[in-house]
Structures are given as structure tokens and as C-alpha cells.
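Trainee: Okay, structure incoming, though there's no sequence with it:
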């Protein structure tokens, strides 16, 4: 009979592998359908999303390794390999945090400072941001893994996640802990609070000189992107909370609840793709086209009806 820990490990393996397949499929859609081409209207945000998908696809593998160890009830790798896996996990985790902040700032500028968005977030800006975030993530993860002896992360399958390698039992582990989690949460809360307030004001303020139907379309598009990334940030916030709360609340020896950290980690890597498929008509249509070779006529028809409805409303206002 499988133990409870082994059953959780099997679930994590299946969940993580499904997440990897979904993310890989969307990466293929983004590249094959040229969503990141400079000719595309939303190529900047799509390039950032593609980088996010790549990070999510890679991030599930350290969790898969831990889940396999939990099922077999033994560590598969010894020596320096656990530190290498922990460093890779740190790399992906830091990149995820930096990309969450980048996305939040992107949506903040796109909605709260709409007129400046096109000049700030260009294809060149997206490329620079991707290079910078990966570089910072690499420096942070290598420094934590190899230059701070007390604070390297290693996989520990009894808790289904990573723990600090502290062979000298030093008390300064948390003193050397970087507060990037807290910084990321603050940036997310600030950006999305400002976005929600701006969205509230849009409904009461006069329309700008831009054509009304075009502005409404752009506003709906930006709001849809904003709520996607707001929901995407949810599981990251839960991970940060669980990392801090569980060691303080759970009695010593109670380990199974820590599996929620890995569940939220995989969910965080999966929710991105689910959001894009659920709330982005273009991505959903191209995904269906890739799978079945058919256009998503329902989505196209819905968009056409919205445009026609806007035109009818405009004509009524002009005649009225």
C-alpha cells in the first residue's frame, strides 16, 4: 500500500507533467503563429508572456524530482547534485518573481499611463527586460548556492519542497535571507491597486480624443490583461505566505501540509497558460487552430458582433 506521502508524490508528478505539457504547447503556439513578431499589435506583452511560459516550463522539473524522491522514499542524487538542483530552482523562482513584477508594471503603465505605453514598452525594452531579469536571477541564485555557505537550498522530499542547507547550524540563515518575496508582493499590490482605481475612474471620466470604439476596445483589452496577471499572482503570494507561516504554526514532525507549497508552485506555473487560454480570444483561437486545424468561429463571431454593436451605438449617438 502507498503511504499518504507517496500518494501526494504521485499527484504532484502528474500535475507537474500536465503543467509542463500545457506550457510547452503554448510556447509552440506563440512561436509558430508569430505572436511575438514585431508586426503584431501586442508583440511586446506577448514576448514577456513567452518568457514567462519558458520559466514555468522549466520550474516544474525540480518539483518533479522531489515528488519522485517522495514516491521512492529516498534521495536519488547525492554529493553536489542537491545544491545544483536547489540553485536551478532558485534561478527559476527568482525569474518568476521578477517577471511577475515586470508584468505588473507593464499593466500599470498600459492602463494608468496609456499615452506613454507605446514609447516605454517596445520590442527592444522587452528584450532588455528579459536579459536583465535572467541575469539578476542567475547572480542571486549562484550567490545563494555557492557563496553563502549557510543558505544554499537543497531538495528535501519529506516536506515536498526545498530547505536551507545549514550544516554548521548557524543562526544567521534568516539574517542573510533576501527579501525579494516581500518586495515582489509590495510591487504587485501597488500596481494592481492603482490599476483597479484607474479602471474605476475610467467609467466616470470623459473620453479622450481617440475614437470611442477604439478606446473602449483598448481599455477592455488592457483590463483583461490586468486581471489575468492579478489572478496569476495569487499562487505566488500563497507560496510566500506558506513559506513563512508553516514553520511557525505547524508542530514539529507534521510534514504533509508542506506539500501545499509544491501544489501552489505547480499551480502558479499552470495558471498562466490557463488564463491565456481562458481570457485571451486570440491565443485561444490560435491554440484551437493548432490542435484541430479549425478557426475558433465562436470567438471570431463574438468579436465581430462587439465591433458591429459599437458601430451601431456610434451611429445612434450621431443621429440622436
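Mentor: Here it is on my side, so go on. From a predicted model like this one, the values you see are computed outputs, not experimental measurements.
Trainee: show me where the chain has strands.
Mentor: 152-156, 161-165 (DSSP state E).
Trainee: By mean pLDDT, show me the worst of these.
Mentor: Among the strands of the chain, strand 161-165 carries the lowest mean pLDDT, a mean of 80.
Trainee: which helices and strands does it pack with?
Mentor: Secondary-structure packing of strand 161-165 (3 or more C-beta pairs under 8 Å, 6 or more residues apart in numbering; DSSP states H and E): helix 43-72, helix 81-112, strand 152-156, helix 259-279. No exception for glycine: its C-beta is placed from N, CA and C like everyone else's.
Trainee: highest average neighbour count across the strands of the chain?
Mentor: strand 152-156 (a mean of 22; mean count of other C-beta atoms under 10 Å).
Trainee: Serialize the helices and strands packed on strand 161-165 to CSV and add fields for distance to residue 28.
Mentor: Supplementary listing: the helices and strands packed on strand 161-165 in CSV, determined by distance: least, C-beta to C-beta, whole Å:
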stretch, distance to residue 28
helix 43-72, 10
helix 81-112, 20
strand 152-156, 29
helix 259-279, 12
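Trainee: Out of these, point me to the one whose mean pLDDT is lowest.
Mentor: Mean pLDDT values for those show the minimum at strand 152-156, a mean of 83.
Trainee: so how far is it from its chain's centroid?
Mentor: 22 Å (C-alpha atoms, centre = their mean, to the nearest Å).
Trainee: partner strands of it, parallel or antiparallel?
Mentor: Each strand paired with strand 152-156, and its direction, by DSSP bridges: strand 161-165 (antiparallel).
Trainee: Kindly calculate the angle that the partner strand makes with helix 43-72.
Mentor: 80 degrees (axes from the mean of the first three to the mean of the last three C-alpha atoms, to 10 degrees).
Trainee: distance between strand 161-165 and the chain's centre?
Mentor: 22 Å.
Trainee: Can you pull out the residues in contact with it?
Mentor: 62-63, 66, 82-83, 86, 89, 150-156, 173, 258-259, 261-262, 265 (C-beta atoms under 8 Å, 6 or more residues apart in numbering).
Trainee: Is it possible to mark the buried ones in those residues?
Mentor: Neighbour-count burial (16 or more other C-beta atoms under 10 Å) applied to the contacts of strand 161-165 gives 62-63, 66, 82-83, 86, 89, 150-156, 258-259, 261-262, 265.
Trainee: Where does the prediction get shaky in the chain?
Mentor: 149-151, 166-178, 200, 202-230, 294-320 (pLDDT under 70).
Trainee: Break down the stretch 101-250 of the chain into its helices, ranges please.
Mentor: 114-120, 123-142, 180-202, 212-249 (DSSP state H, counting those that start in this stretch).
Trainee: Need those helices in CSV (columns: distance to residue 285 and mean neighbour count).
Mentor: As requested, those are exported to CSV (distance: least, C-beta to C-beta, whole Å; neighbours: other C-beta atoms under 10 Å):
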stretch, distance to residue 285, mean neighbour count
helix 114-120, 24, 13
helix 123-142, 23, 16
helix 180-202, 26, 16
helix 212-249, 15, 17
